[in-house]
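[1] Provided below are the primary sequence and the corresponding predicted coordinates.
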Amino acid sequence: MVELCGGAVMASALERPTSSRIYYAILAILDSIFSAGVAAPAVVGYWRGTWHLSDIYIYHGNPVYGSLTSIAIGFTGLFTFNLLQNFLDDYLHPDKHRLCYYFGSRLYTYVFGFCCVNAWRGAWQALDLFTEMSSSTVFATTSVSLLALAIMRAIRNIAAPPFSLSLDSCAGYFEVPTMFRANNSKDWSLYILDCAFSVGIVGTLVVFVWRGVWVLFDIYLFPGEKEQSSIGSLIIGYALVSISFLLQPVMRYTCAKLFGLPKLILADAFILLSFLATVNVWRGIWNLLDLWLIPENHEMSCWITHIGCFIFLILLNCSNSILVRGVYIDAEEDKGKCVVFPCHYLRLLFKIERAKKEARRQNLIVVTKNFSIHTEANEKECANGSLLNSVVTPMILQGNQDIP
């Protein structure tokens, strides 16, 4: 009987890690599907609507003025939000006024998102206006920009949904990492220069890389056939998305074994593969929305995706995914974490719920222990006749009981 019980305990201990791994793997797959099939299309829809509305309302018919105005709006806004991130974090802290924090943070996301789109639109159109649209010129500008990012170890900043997802959590909501991680509490002048470099240089290079790869697909993938080209991009994009997610465990294991330059090269190559997937997904969804969503009323179509997708992302608690903010360094994480896509939606929600449940359980256990101590003291006092008139109602709680 003892051997049977010991065997059952050992079997249970062996099965628990396996079931935990399977549970985590299922959540990881669901997170990938959610990010690629739900969150990413909503983010693309918001960007597409905001971009085209800027085309309509910002110096429509004058692309030069429109581009320069978008650059001014976008980069001024991004630079300001970089500078004010600590102030916003203190002033709109949820512990001070939760309702004010909620509406203030969503307004922040909306304005920041508008500035992000205009910064990209302005730089993108400026390159269209002042450089040739030939494949050689586009390839040259893209290669130079990508090389500059590689030298600065900043290639990973070209990532976007479906390979990066930001939840609207309280912690770090207003945080914007800068290139050199300057501290504004020590030296404001260095911090201002750091913000300017992060927004003006790194951000612009990222736009140039995106624009170059996008235009190259316009040139070579079914040129002149926008619908076929868009569907082709969607097929290529989601095929590469699937391959990238499937390769992630292997890449994580391999990068954990490497150090220095080999690790950096492998991580960057994997990021570039996922980037090709991202551009094709965005290009396919964007162009198909132009073709299929109320094509006879372009302005209404843009308003629908601009407002509808933003509200949808707020309801999903991941509206921060529309933002392009912060500078991240390639392969700076330990082991293989540098190739892990930050697409933790369901995993994070389940983790938070488990933490809340555990906190409630621990709190009840503490209350039970305190009650027991208090009861012992009451019994001693009753024995001395000091609390003869007190009535104590006992409460029994099991320490290992699940609390709903």
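    That came through, no problem. Small disclaimer: the values here were computed from a predicted structure and weren't measured.
[2] how far out from the middle of the chain is the one helix or strand residue 216 maps to?
    Using DSSP states H and E, residue 216 maps to helix 203-220. Put simply, helix 203-220 sits 21 Å off its chain's centre (C-alpha atoms, centre = their mean, to the nearest Å).
[3] go on, stretch 24-37?
    That offset, for stretch 24-37, works out to 14 Å (C-alpha atoms, centre = their mean).
[4] before we move on, back to that, the helix holding residue 216: which residues count as buried?
    203-215, 217-218 (16 or more other C-beta atoms under 10 Å). The way it works is simple: take the backbone N, C-alpha and C, and place the C-beta from them, glycine included.
[5] can you check stretch 121-135 too?
    Buried residues in stretch 121-135 (16+ other C-beta under 10 Å): 121, 122, 123, 124, 125, 126, 127.
[6] How much space separates the fifth one from residue 207?
    Spelled out, that is residue 125. Per C-beta to C-beta, to the nearest Å, residue 125 is found 10 Å from residue 207.
[7] Can you list the low-confidence ranges for this protein?
    Applying pLDDT under 70 to the chain picks out residues 1-18, 365-404.
[8] domains in it, as residue ranges please.
    As given by automatic domain parsing, the domain ranges for the chain are 2-344, 348-404.
[9] Just name the most buried of these.
    The highest mean neighbour count among those, using mean count of other C-beta atoms under 10 Å, belongs to domain 2-344: a mean of 17.
[10] ok, then the element right after the host helix or strand of residue 236?
    Per DSSP H and E: residue 236 is located in helix 226-257. Scanning forward in sequence from helix 226-257 by DSSP H and E, the next helix or strand is helix 260-292.
[11] after that next one, next one along is what?
    helix 298-315.
[12] how far does that following helix sit from the chain's center?
    Worked out by C-alpha atoms, centre = their mean, helix 298-315 lies 19 Å from the chain centre.
[13] Specify the local secondary structure of the residue nearest to residue 173 when sequence neighbours are not counted.
    Once flanking residues are discounted, residue 173 sits nearest to residue 105: 5.5 Å by C-beta to C-beta, 6 or more residues apart in numbering. Taken by DSSP: H, G, I helix; E, B strand; the rest coil, the conformation at residue 105 corresponds to helix.
[14] what does residue 22 give?
    Under three-state DSSP, the three-state class of residue 22 is helix.
[15] how about the helices in the stretch 51-200 of the chain?
    Ranges of helices in the stretch 51-200 of the chain, per DSSP state H, counting those that start in this stretch, are 63-83, 85-91, 98-130, 135-151, 188-197.
[16] quick one: the last one to helix 63-83, angle?
    Using axes from the mean of the first three to the mean of the last three C-alpha atoms, to 10 degrees, the interaxial angle of helix 188-197 with respect to helix 63-83 works out to 140 degrees.
[17] Which residues does helix 188-197 contact?
    The contact list for helix 188-197 (C-beta atoms under 8 Å, 6 or more residues apart in numbering) reads 79, 82, 83, 178, 179, 180, 181, 182, 183, 184.
[18] For the nearest residue in space to the first one that is not next to it in sequence, give me its contacts.
    Nearest-residue entry for residue 79: residue 199, 5.0 Å, with adjacent residues in sequence omitted and distances by C-beta to C-beta, 6+ apart. For residue 199, the set of contacting residues under the criterion of C-beta under 8 Å, 6+ apart consists of 75, 78, 79, 82, 119.
[19] before we move on, back to that, which strands and helices lie in contact with the helix holding residue 216?
    helix 98-130, helix 135-151, helix 226-257, helix 260-292 (3 or more C-beta pairs under 8 Å, 6 or more residues apart in numbering; DSSP states H and E).
[20] now that helix and helix 98-130, what's the angle there?
    Using the same axes, to 10 degrees: helix 203-220 against helix 98-130 is 60 degrees.
[21] Show me the contact partners of helix 203-220.
    Under the criterion C-beta under 8 Å, 6+ apart, residues 75, 78, 119-120, 123-124, 127-128, 133, 135, 138-139, 141-143, 145-146, 148-149, 154, 157-158, 229, 233, 275-276, 279-280, 282-283, 324 lie in contact with helix 203-220.
[22] That helix vs helix 226-257, what angle?
    Going by the same axes, to 10 degrees, helix 203-220 makes 130 degrees with helix 226-257.
[23] would you turn the contacts of residue 199 into a markdown table with distance to residue 164?
    Converted to a markdown table, those look like this (distance: C-beta to C-beta, whole Å):
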| residue | distance to residue 164 |
| --- | --- |
| 75 | 22 |
| 78 | 17 |
| 79 | 22 |
| 82 | 19 |
| 119 | 18 |
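[24] Of those residues, just say which sits nearest to residue 66.
    Of all these, residue 66 sits closest to residue 119, with 13.5 Å by C-beta to C-beta.
[25] returning to what we had before: Provide a list of residues in contact with the residue nearest to residue 173.
    Contacts of residue 105 (C-beta under 8 Å, 6+ apart): 92, 168, 173, 174.
[26] One more: residue 362?
    By C-beta under 8 Å, 6+ apart, the contact set of residue 362 is empty.
[27] Excluding chain neighbours, what is closest to residue 308?
    Excluding the flanking residues, the one nearest residue 308 by C-beta to C-beta, 6+ apart is residue 45, at 7.3 Å.
[28] mind checking how far the residue nearest to residue 173 is from residue 130?
    Taking C-beta to C-beta, one finds residue 105 at 38 Å from residue 130.
[29] Also residue 162?
    The value you get for residue 162 to residue 130, if C-beta to C-beta is used, is 32 Å.
[30] Could you do residue 33 as well?
    Applying C-beta to C-beta, the value for residue 33 to residue 130 is 41 Å.
[31] again with residue 184
    From residue 184 to residue 130 the distance is 35 Å (C-beta to C-beta).
[32] if we can go back for a sec, and the helices of the stretch 51-200 of the chain: which comes nearest residue 28?
    helix 98-130 (26.4 Å).
[33] Check the offset of stretch 350-362 from the chain's centre.
    Distance of stretch 350-362 from the chain centroid (C-alpha atoms, centre = their mean) equals 24 Å.
[34] ok so, going back, which one, of the helices and strands packed on helix 203-220, ends up nearest to residue 319?
    Nearest of the helices and strands packed on helix 203-220 to residue 319, taken as C-beta to C-beta: helix 98-130 at 5.1 Å.
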